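[1] Next one to model:
(chains A and B)
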Number of protein chains: 2
Amino acid sequence: MKTATSGADAGEIRHYMRQVGERARRAAREMARAETAAKNGALEAICRSMEQSAGGLVEANARDLEAGARSGLDAALLDRLTLDAKRIAAMAEGLRQIAALADPAGEITGLSYRPSGIQVGRMRVPLGVIGIIYESRPNVTADAAGLCLKSGNAAILRGGSEALHSNRAIAACIHRGLAEAGLSPDAVQVVDTTDRAAVGELIRLKDYVDVIIPRGGKGLIERISQEATIPVIKHLHGVCHVYIDESADRDKAVRVAFNAKTQRYGTCNTMETLLVAREVSGRILPDLGQMFRDKGVELRGCDATRRILPWAGVATEEDWYAEYLAPILAIRIVSGIEEALEHIARYGSQHTDAIVTEDITRARRFLREVDSSSVMVNASTRFADGFEYGLGAEIGISTDKLHARGPVGLEGLTSQKFIVLGDGHIRS
Amino acid sequence: MKTATSGADAGEIRHYMRQVGERARRAAREMARAETAAKNGALEAICRSMEQSAGGLVEANARDLEAGARSGLDAALLDRLTLDAKRIAAMAEGLRQIAALADPAGEITGLSYRPSGIQVGRMRVPLGVIGIIYESRPNVTADAAGLCLKSGNAAILRGGSEALHSNRAIAACIHRGLAEAGLSPDAVQVVDTTDRAAVGELIRLKDYVDVIIPRGGKGLIERISQEATIPVIKHLHGVCHVYIDESADRDKAVRVAFNAKTQRYGTCNTMETLLVAREVSGRILPDLGQMFRDKGVELRGCDATRRILPWAGVATEEDWYAEYLAPILAIRIVSGIEEALEHIARYGSQHTDAIVTEDITRARRFLREVDSSSVMVNASTRFADGFEYGLGAEIGISTDKLHARGPVGLEGLTSQKFIVLGDGHIRS
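    Numbering: from 1, shown residues only, chains lettered A, B, ... in the order given. The predicted model follows:
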């Protein structure tokens, strides 16, 4: 397959992607009936292959890093692109963790007799073919392949062009592992062209792909959701709130709010707006504000906040909508839970929101009424994560409401069909 | 609001639909926190109101029937459009059954402690605003309203223009019931215009509507899925199969296949293709074929079938894809389960497929490998139905793979968010 720079034409790319799709669809049927032992065996074999080929992976990665440096990728991107012995070991460890998880495929639940005499239940089944579109990190290739494989799906992986050689080398390990376990190498295909048209084709392969999961910046994800003719599990943005209620324990409030903002700035579950009940604002904000100041976090507050923290900047309407992904925090003082709920409903992104309170009635109300994929009481928003939730690993986080909300693990790559058992039963 | 015939312009329709959307969004927040007793109280009050207004409902319906007769609707459509005392009682009974179902909203499952000390679980929550687009039957207005209300959603209902007066009258009863229970009448809105542009607006009200459920012909549903910018829970078509395995019990095979085809011809879960294992075809097909013949079912068979049933017509490639919804049946003789699975994977519509067998290994294989929303062993495909499955009622049947598969009841109108409980826990 030619790459973008070699000028493959649109028809060629379309033909190539249809072939990829056809192969994936065939492999998906095989994967759907693969035994747990075969899938785990493949995961183990992939790990061994990656460990044995560590030198080759680093070499392939070096080619990407050189090209990246030449084309002017910044240090942060080059870092994300880098594969070294430690990261290769971490990829293998991730796959071993996936192998250790229970197999979701085929699980039967709720099988019970109906008055007609039939027995009705549900069986968890793979979605089929998952298309994953992601950016520079090559470890996503191994993670995504592992999750799709374990859940009995076939995967079509489209990584960033800057990681092509690394992804090819990882794909070779995956194919060796699949073959060793007697599974079709087509169960995991890495799109082997950097032509951007391949993405456009992939998200319209209606006959061959069941769901698209894009991982990357908001722009990429919005474009894909708009253009795709296949359902997309998407993660748009995280404008996460912590609301400090008037009955909050002061220490918990300070600890949770500080951690939610400063434990990492660039993640989607980082707090972007702090809401504080008026009654406790004078008691909590001076110290908490100072902690943020010492940490180098820029504060932007409402008028009431600025009366307590005169050195804070002014929060404009735009700040309430902002996902800073940076050491900046918007702060608003509210009259109480009612106004906090209003604020979150209006400005939030339905990602992750937390209340700090000792009042069980308000905690229950917050849990019920905040319409976000993760809602928390007395815990840092930074916990919104597949590993922390015990999903084993996550293929992404969904801010959608249908199908999966929040971190998406193995279960999110499956759905449930109905099964009916009878003994010659007919409907009258 | 003007109707189509009065020539409302596109801007006016857009403005009207946005207002409907805004009201629904506000009502959805209220419904999400409504107590079970309030929702059940509203359902009861709606029933009473419908029973008390039965005369008015019949009168409003008479206007639709007159207009329908004038515009040349055929007898079958006029019958579906008709509301009489019996059907009004059935609508009320349907709502009482919904009231008796467990409230899915707020249900917490799997709450368990993680090594970090936080407690993580899931809470079932309403989707928000459901847009339902349907055709002539006015009883859908009550059913859909009831299911959305009970699951804590707000509904925007867009019925057929031929049922406008009936739907308005039912909507008035619904609004009285909601008001009596102290809930917002905006929780159920009936789109009060017959202008087709309203549908086009509804399926693009991204900010206000969370999911669209179209009920009607395949053409309508395909058009809506293509044009909608909101997720659609759709039911395309049902090309359902019964496969009679070589180990089938002869009586069960005959009973199930006959029922699956003839119990009703026009439903999506009716068998359209019968597959028979070669080994038993000579023993089963002569009698079964004669039963179909006596019943007036036209048979179209493969060559092998026609050697046994020489009077059967010829099945062409198109017949294997056909959803007849009529007394026509395609029959194919296959070498065994392998070929049956191939046939279903290739020609089926992933709706409902059944095997008749006494062999547990092949039964298990069929259950696992057939990728349809309902998969059955020794039972008629006609059982694929929300009531038969114990869902209480269904808002539709999904042939999609994401979110809900098969009959969609209350649970399909909800999704699950994560909840996290801590005691000041932070991430390290």
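[2] For the rest of this, base every contact and every neighbour count on C-alpha atoms.
    OK.
[3] In stretch A:280-293, which residues are buried?
    A:280-282, A:284-285, A:288-289, A:292 (16 or more other CA atoms under 10 Å in any protein chain shown).
[4] Please compute how far that stretch lies from its chain's middle.
    On the basis of CA atoms, centre = their mean, to the nearest Å, stretch A:280-293 sits 33 Å off its chain's mean C-alpha point.
[5] Quick one: residues in contact with it.
    A:245-246, A:250, A:254, A:258, A:298-299, A:308-309, A:333 (CA atoms under 8 Å, 6 or more residues apart in numbering or on different chains).
[6] Could you list the contact residues of the stretch 251-400 of chain A toward chain B?
    Residues of the stretch 251-400 of chain A lying near chain B by CA under 8 Å from any CA of the partner chain: A:252-253, A:255-256, A:259-260, A:263, A:356, A:367-369, A:372-380, A:382-383, A:388-390.
[7] Among these, which lie within helices?
    A:252-253, A:255-256, A:259-260, A:367-369 (DSSP state H).
[8] Going by distance to chain B, which of these wins?
    Nearest to chain B among these, counting by CA to the nearest CA, is A:Lys252 at 4.6 Å.
[9] Distance-wise, check that closest one relative to B:Pro327.
    70 Å (CA to CA, to the nearest Å).
[10] and what of A:Thr229?
    Using CA to CA, we find A:Thr229 at a distance of 35 Å from B:Pro327.
[11] What of A:Arg300?
    Per CA to CA, A:Arg300 is found 71 Å from B:Pro327.
[12] more crowded one of these two?
    Between A:Arg300 and B:Pro327, A:Arg300 has the larger neighbour count (other CA atoms under 10 Å in any protein chain shown), namely 23 against 17.
[13] by contact count, what packs against whichever strand or helix holds the more buried one?
    Following DSSP states H and E, the helix or strand that holds A:Arg300 is strand A:298-301. Under the contact definition 3 or more CA pairs under 8 Å, 6 or more residues apart in numbering or on different chains; DSSP states H and E, strand A:298-301 sits against helix A:278-295, strand A:313-314, strand A:328-334.
[14] buried set for the helix or strand just after it?
    Using DSSP H and E, the helix or strand that follows strand A:298-301 in sequence is helix A:303-308. Of all the residues in helix A:303-308, those buried under the rule 16+ other CA under 10 Å are A:303-306, A:308.
[15] Would you format the helices and strands packed on strand A:298-301 as TSV with mean pLDDT included?
    Output for the helices and strands packed on strand A:298-301, formatted as TSV (pLDDT from 0 to 100):
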stretch	mean pLDDT
helix A:278-295	98
strand A:313-314	98
strand A:328-334	98
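[16] I'd like to know which of the ones you listed is closest to A:Gly396.
    Nearest to A:Gly396 among the helices and strands packed on strand A:298-301 is strand A:328-334; the distance by CA to CA comes to 24.9 Å.
[17] can you state the direction angle for the closest one and helix A:278-295?
    Our comparison of strand A:328-334 with helix A:278-295, counting by axes from the mean of the first three to the mean of the last three CA atoms, to 10 degrees, yields an angle of 170 degrees.
[18] downstream neighbour of strand A:328-334 in the secondary structure list?
    According to DSSP H and E, the helix or strand after strand A:328-334 is helix A:337-347.
[19] can you pull the alpha-carbon coordinates of that next one into CSV?
    Extracted C-alpha coordinates of helix A:337-347, given in CSV (Å, rounded to 0.1, in the frame of the first residue of the first chain):
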residue,chain,number,x,y,z
ILE,A,337,-26.7,23.2,46.0
GLU,A,338,-29.6,24.6,43.9
GLU,A,339,-27.4,27.1,42.2
ALA,A,340,-24.5,24.6,41.9
LEU,A,341,-26.8,22.1,40.1
GLU,A,342,-28.0,24.9,37.8
HIS,A,343,-24.4,26.0,37.0
ILE,A,344,-23.3,22.4,36.2
ALA,A,345,-26.4,21.7,34.1
ARG,A,346,-25.8,24.9,32.1
TYR,A,347,-22.0,25.0,31.7
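[20] That one to strand A:328-334, inter-axis angle?
    140 degrees.
[21] Name the residues that touch helix A:337-347?
    By CA under 8 Å, 6+ apart, helix A:337-347 touches A:239, A:241, A:243, A:245, A:275, A:277, A:320-321, A:334, A:362, A:366, A:369-371.
[22] would you turn the residues you listed into a markdown table with neighbour count and distance to A:Pro138?
    Listed next are the contacts of helix A:337-347 as a markdown table, based on neighbours: other CA atoms under 10 Å in any protein chain shown; distance: CA to CA, whole Å:
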| residue | neighbour count | distance to A:Pro138 |
| --- | --- | --- |
| A:Val239 | 25 | 27 |
| A:His241 | 33 | 31 |
| A:Tyr243 | 29 | 37 |
| A:Asp245 | 28 | 42 |
| A:Leu275 | 26 | 38 |
| A:Ala277 | 22 | 44 |
| A:Trp320 | 23 | 34 |
| A:Tyr321 | 18 | 32 |
| A:Val334 | 24 | 44 |
| A:Arg362 | 18 | 44 |
| A:Phe366 | 22 | 39 |
| A:Glu369 | 17 | 39 |
| A:Val370 | 25 | 36 |
| A:Asp371 | 26 | 34 |
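[23] got JSON lines for those, with distance to A:Ala34 too?
    Converted to JSON lines, those look like this (distance: CA to CA, whole Å):
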{"residue": "A:Val239", "distance to A:Ala34": "41"}
{"residue": "A:His241", "distance to A:Ala34": "43"}
{"residue": "A:Tyr243", "distance to A:Ala34": "47"}
{"residue": "A:Asp245", "distance to A:Ala34": "51"}
{"residue": "A:Leu275", "distance to A:Ala34": "50"}
{"residue": "A:Ala277", "distance to A:Ala34": "55"}
{"residue": "A:Trp320", "distance to A:Ala34": "49"}
{"residue": "A:Tyr321", "distance to A:Ala34": "46"}
{"residue": "A:Val334", "distance to A:Ala34": "55"}
{"residue": "A:Arg362", "distance to A:Ala34": "48"}
{"residue": "A:Phe366", "distance to A:Ala34": "43"}
{"residue": "A:Glu369", "distance to A:Ala34": "42"}
{"residue": "A:Val370", "distance to A:Ala34": "40"}
{"residue": "A:Asp371", "distance to A:Ala34": "38"}
